[in-house]
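**Q** just the structure for this:
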Amino acid sequence: MPIINRIAEFHDDMTAWRRDFHQHPELNFQEVRTSGIVADKLREFGCDEVITGIATTGVVGVIRGRGEGGAIGLRADMDALPIHEESGVPHASLTPGVMHACGHDGHTAMLLGAARYLAETRNFSGTAYMIFQPAEEMGGGGEVMVKEGLFERFPMDRVFGLHNWPGAPEGTFLWRVGPVMAAVADIRITVTGKGAHGAMPHQGNDPIVIASQIVTAFQSIVARNVEPVEAGVITIGKIEGGMAFNVIPEVVNLRGTARWYSPEVGDILENKVRSLATGIAAAYGAEAEVHFDRMYPATINEETSTGLAAEAARAVAGEAKVQLLPKPTMGGEDFSFMLNAKDGAYLMLGAGRTPEDPQVHHPRYDFNDTVLPLGASWWATMVERQLPRRG
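**A** Model (predicted):
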């Protein structure tokens, strides 16, 4: 079974929806226009219920099949990133400093396509929930939806997500049991020393030197504290301090991230970040205030659900185009909160770009509209296969 013919027929519509979302990006929990369009289209398609206002701007469309049966959830994210677009495409962002640099515009359009088809055909038994989630990009919208009772209000057996993957061949589906994406922490450290004239350093206590020692020491955390067969990352990506070339500042701020899969590794990283930063600062007679905020847990695919997702992908794309994701990525994803609460799986859909082309979170990135019918067909096929029509 290749791409569903009916879905292929409205490929142009999905492309138009996607490009409209791309031109009008909205940041986390601000997806008012986007969620409004999503809700209107779900009603237009004939969904049995359209519920809005979950996690502020989230939307759930309910589509009931022909007869009693189980239920599954299909999730797409809607938010954009605070990046100024440089793609040069005709449908580029009209909002300065905000763009769809991760393909959430495409995810939303694909799920709308699946909803349109499922509402038209209802060739299944049970219930399909179309979950349009806000605030994936560091807003934790998935966690908020779960806390606001997503799975209690919409009882489902499993939940599935899909992300475009520019580095993989166009039209391929990538699957993996177990960890797919990493847990994420936000690291913020404030080093407070004593300011002085740059020509008289003995009168101060230089927080720039201390911060430099902290950053250097962090390089040993994973290398000498994490078992080599495990994975962990600590990156300090931002250092702020000082206002003039000849003045030692009072304060330096560090900002970074930590990533891991195993909760035990996360504990090691947090403990060592705290102890090294405060210990080094104290050794220099200064102070370090450390915040290690755990944002997202690891995204971990449940085995049976992953098998079902891969089976549906083979039905749509063929055996050769459904491939094992050889290793997880250290990127983060708040679909992890849904997978913590419910069995499910998260797959990647190859978008066909080379490593030299702009990847996600790049100011020149744009979603590949060619794969829209593939993603929509995958979601629809999962519903029809997991909730087969009876009689």
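
**Q** I'd like to know which helix or strand in this structure has the lowest mean pLDDT.
**A** strand 329-332 (a mean of 94; mean pLDDT, DSSP states H and E).

**Q** what comes up buried for that one?
**A** Of the residues in strand 329-332, those buried by neighbour count under the rule 16 or more other C-beta atoms under 10 Å are T329, M330, G332. The way it works is simple: take the backbone N, C-alpha and C, and place the C-beta from them, glycine included.

**Q** contacting residues around the residue lying closest to the last one once chain neighbours are set aside?
**A** Meaning G332. Excluding the flanking residues, the one nearest G332 by C-beta to C-beta, 6 or more residues apart in numbering is V184, at 3.5 Å. Contacts of V184 were listed using C-beta atoms under 8 Å, 6 or more residues apart in numbering, and they are T257, A258, R259, R294, M295, Y296, G332.

**Q** buried ones among the residues you listed?
**A** The buried subset of those (16+ other C-beta under 10 Å) comprises T257, A258, R259, M295, Y296, G332.

**Q** quick one on the thing from earlier: assign the residue nearest to G332 to helix, strand or coil.
**A** strand (DSSP: H, G, I helix; E, B strand; the rest coil).

**Q** and it, what pLDDT?
**A** pLDDT, V184: 96.

**Q** again, but for the one 3 residues further on
**A** Per-residue confidence (pLDDT) for I187: 98.

**Q** convert the C-alpha atoms of the helix or strand harbouring it to PDB, please.
**A** Per DSSP states H and E, I187 falls inside strand 178-192. Taking Å, rounded to 0.1, in the frame of the first residue of the first chain, the C-alpha atoms of strand 178-192 are listed here in PDB:
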ATOM      1  CA  GLY A 178      14.500   2.500  23.300                       C
ATOM      2  CA  PRO A 179      16.100   6.000  23.400                       C
ATOM      3  CA  VAL A 180      15.600   8.200  20.400                       C
ATOM      4  CA  MET A 181      16.300  11.600  21.700                       C
ATOM      5  CA  ALA A 182      18.100  12.800  24.900                       C
ATOM      6  CA  ALA A 183      17.000  14.300  28.200                       C
ATOM      7  CA  VAL A 184      17.700  18.100  28.300                       C
ATOM      8  CA  ALA A 185      18.800  20.400  31.100                       C
ATOM      9  CA  ASP A 186      19.400  24.100  31.100                       C
ATOM     10  CA  ILE A 187      22.500  25.200  32.900                       C
ATOM     11  CA  ARG A 188      22.900  28.700  34.300                       C
ATOM     12  CA  ILE A 189      25.800  29.700  36.500                       C
ATOM     13  CA  THR A 190      26.600  33.100  38.000                       C
ATOM     14  CA  VAL A 191      30.200  33.600  39.100                       C
ATOM     15  CA  THR A 192      30.600  36.600  41.500                       C
END
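
**Q** go through it and flag the buried ones.
**A** Of the residues in strand 178-192, P179, V180, M181, A182, A183, V184, A185, I187, I189, T190, V191, T192 count as buried by neighbour count, 16+ other C-beta under 10 Å.

**Q** quick check: the farthest pair among those residues?
**A** V180 and T192 (39.7 Å; C-beta to C-beta).

**Q** one step back: turn the buried ones among the contacts of V184 into a markdown table, columns for distance to I239 and secondary structure.
**A** Below are the buried ones among the contacts of V184 laid out as a markdown table (distance: C-beta to C-beta, whole Å; DSSP: H, G, I helix; E, B strand; the rest coil):
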| residue | distance to I239 | secondary structure |
| --- | --- | --- |
| T257 | 14 | strand |
| A258 | 16 | strand |
| R259 | 19 | strand |
| M295 | 21 | strand |
| Y296 | 24 | strand |
| G332 | 22 | strand |
